[in-house]
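Chemist: build me a structure from this.
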Amino acid sequence: MIGIVEAIELVKTHSKPITKETHKSLEKAGRYSLYKNVVSPINMPPFRQSAMDGYALCLHDSLTYQLIGEIKAGDSLQPTIKKGEAVRIFTGAPVPDTANAVMMQEKVTVTDSQIIVEFQIDTNHNIRPAGEQVKKGDVALKKGTKLTPAAIGYLSSLGIQEVPVFKKPNIAIVTTGNELVEAGQQLTYGKIYESNSKMLQNALYNLRFYDVSLHKVEDDFDRTKSKLDEVINKNDLVIISGGISVGDYDFVGKALEELHVEEHFYKVKQKPGKPLFFGTKNNTHIFALPGNPAAALTCFYVYVYIALQKMMDASVVELPRIKAKSLTKFIKHGDRPQFLKAVYNDGEVEILEGQSSAMLQTFALSNALVYMPEDHSNIEIGDSVEVILLPV
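Modeler: Numbers count the residues shown, from 1 in each chain. Here you go, the predicted structure:
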């Protein structure tokens, strides 16, 4: 059994970036990273553009200008403006080549067919030059750039519809247990509804990992081994729920051993989630999580999340950890470090009731985990505690 810090470091060490290329439409490219530089196919803006509502001027020595027309955003007009003439213009509208400045409307007095500006302005005042953001043929975004909403909007403004990105992992979730039945089926005595696969699948969806397949296997060694062999060969990440403990019908550990999965650790000194396994085979990352739902989800956020970020070659791989003032007391029993379900808000955190590894009701209300180290036995109201912020 190893400690939490060592386990996290082993996940970081043995989780490798996926270096395969795929192409995604912009609307499906969020949170991917660019596989190569993206070159702009156009100037942006593609024409001289008014930075505000006002008047495009052909400058001269007087403050008075003859008003000869109007240009709205989207117009393709290209009127010739002589010295001392002006056109009404709106934000984003094309500025005629013969205009050399735009005066904001708040600094202009309109009198019939003339305007009077309050002061002289410089050439190109309030005009966005063509190619101000990026010029045609220049690199718009570099390889490795994470595609945030702003990046997607920027590429869309260049008329780009599809981008080359680093492939995200394809993921298999395998649940084990004869006691599990699907929602919608009759719940006979001794059975429980299976929840971990849906829970983990939606945790992945929340992080924008959508290539997820679900598998169920009964508590049978040969079937367990066959199913794990199949998913390990087909996926970049395999998450197994249950069957990793030491009971007579827990076959996952033995199956992974016979499949020659390299074990990096098994069992972590923590609560919940002690029976946690992490290993690799070829380029596939394998986590076997405890079957208890709250323990499984805790291990997902503390360890699997890191592996996912490393596979995507992210610069920040752990969830944010901050200090907060505890609003509640808590007494820890035993010597294992503990992750406590909690609600964080504006510098304060409330540790919730119901910390059992089998209970999801409390987890459903949580947006954070409070980390309680091995050498701490109690938390008092007002104590400063370490908080792990969960993805929203």
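Chemist: let me see the domain layout of this structure.
Modeler: Domains of the chain are assigned by automatic domain parsing as 4-18+168-311, 22-43+143-166, 49-128, 321-389.
Chemist: from the chain's centroid, how far away is the first one?
Modeler: Read that as domain 4-18+168-311. Domain 4-18+168-311 has its C-alpha centroid displaced from the chain centroid by 21 Å (CA atoms, centre = their mean, to the nearest Å).
Chemist: ends of it, how far apart?
Modeler: For domain 4-18+168-311, the first-to-last residue distance is 20 Å (CA to CA, to the nearest Å).
Chemist: which elements pack onto the helix or strand of the chain with the lowest mean pLDDT?
Modeler: Counting by mean pLDDT, DSSP states H and E, the weakest-scoring helix or strand in the chain turns out to be strand 180-181, with a mean of 72. Contacting strand 180-181 under the criterion 3 or more CB pairs under 8 Å, 6 or more residues apart in numbering; DSSP states H and E are the following elements: strand 192-193. In this view, the C-beta of every residue, glycine as well, is placed from N, C-alpha and C.
Chemist: give me the contact list for the helix or strand that the strand it packs on is followed by.
Modeler: In the C-terminal direction, the helix or strand that comes right after strand 192-193 (DSSP states H and E) is helix 196-206. Helix 196-206 has contacts (CB atoms under 8 Å, 6 or more residues apart in numbering) with 171, 173, 175, 210, 212, 214, 216, 239, 241-242, 289, 291, 293, 296-297, 300-301, 308, 360, 391.
Chemist: next step: these restricted to helices.
Modeler: Counting by DSSP state H, the part of those found in helices is 293, 296, 297, 308.
Chemist: who wins for neighbours among the residues you listed?
Modeler: By neighbour count, taken as other CB atoms under 10 Å, the most surrounded of the ones in helices among the contacts of helix 196-206 turns out to be residue 296 (29 neighbours).
Chemist: wait, that one sits on residue 290?
Modeler: Yes - the pair residue 296 and residue 290 passes the contact test of CB atoms under 8 Å, sitting 5.6 Å apart.
Chemist: shared neighbours, those two?
Modeler: Any residue near both residue 296 and residue 290 by CB under 8 Å, 6+ apart counts here, and that gives residue 273.
Chemist: re earlier: can you flag the buried ones in the contacts of helix 196-206?
Modeler: Neighbour counting with 16 or more other CB atoms under 10 Å marks 171, 173, 175, 212, 216, 239, 241-242, 289, 291, 293, 296-297, 300-301, 308, 360 as buried within the contacts of helix 196-206.
Chemist: could you pull out the helices for the stretch 1-150 of the chain?
Modeler: Taking DSSP state H, counting those that start in this stretch as the criterion, the stretch 1-150 of the chain contains helices spanning 4-14, 149-157.
Chemist: hmm, who's touching the first one?
Modeler: Among residues not part of helix 4-14, those counted as contacts by CB under 8 Å, 6+ apart are 2, 264-265, 268-270, 276, 278, 280, 285, 302-303, 306-307, 310, 317-318, 337.
Chemist: please apply the same query to stretch 241-257.
Modeler: Contacting residues not belonging to stretch 241-257 are listed as 173-178, 196-197, 200, 219-221, 224-225, 228, 240, 263, 266, 275-277, 279, 286, 288-291, 296 [CB under 8 Å, 6+ apart].
Chemist: these, buried ones only, as a PyMOL selection?
Modeler: Here the buried members of these are turned into a PyMOL selection, burial being counted by 16+ other CB under 10 Å:
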select buried, resi 173+174+175+176+177+196+197+200+219+224+225+228+240+266+275+276+277+279+286+288+289+290+291+296
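Chemist: just to revisit the earlier point, quick one: which of the contacts of helix 196-206 sit in strands?
Modeler: Judged by DSSP state E, strands contain the following of those: 171, 173, 175, 212, 214, 216, 239, 241, 289.
Chemist: so how far is residue 49 from the fourth one?
Modeler: This points to residue 212. As judged by CB to CB, to the nearest Å, residue 212 and residue 49 stand 44 Å apart.
Chemist: equivalent analysis for the fifth one, please.
Modeler: Here the distance between residue 214 and residue 49 works out to 50 Å (CB to CB).
Chemist: quick one: low-confidence parts of this protein?
Modeler: In the predicted model, the chain carries pLDDT under 70 at residues 246-249.
Chemist: in it, which helix has the most residues?
Modeler: Identified as the longest helix of the chain according to DSSP H is helix 221-234.
Chemist: can you dump the C-alpha atoms of that helix in CSV for me?
Modeler: Taking only C-alpha atoms (Å, rounded to 0.1, in the frame of the first residue of the first chain), the coordinates of helix 221-234 have been written out as CSV:
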residue,chain,number,x,y,z
PHE,A,221,-13.0,-15.2,-14.1
ASP,A,222,-13.0,-16.3,-17.7
ARG,A,223,-15.6,-13.8,-18.8
THR,A,224,-13.8,-11.1,-16.8
LYS,A,225,-10.5,-11.9,-18.4
SER,A,226,-12.0,-12.1,-21.9
LYS,A,227,-13.8,-8.7,-21.6
LEU,A,228,-10.8,-6.9,-20.1
ASP,A,229,-8.6,-8.3,-22.9
GLU,A,230,-11.0,-7.0,-25.5
VAL,A,231,-11.4,-3.5,-24.1
ILE,A,232,-7.6,-3.1,-23.3
ASN,A,233,-6.8,-3.8,-26.9
LYS,A,234,-9.3,-1.4,-28.3
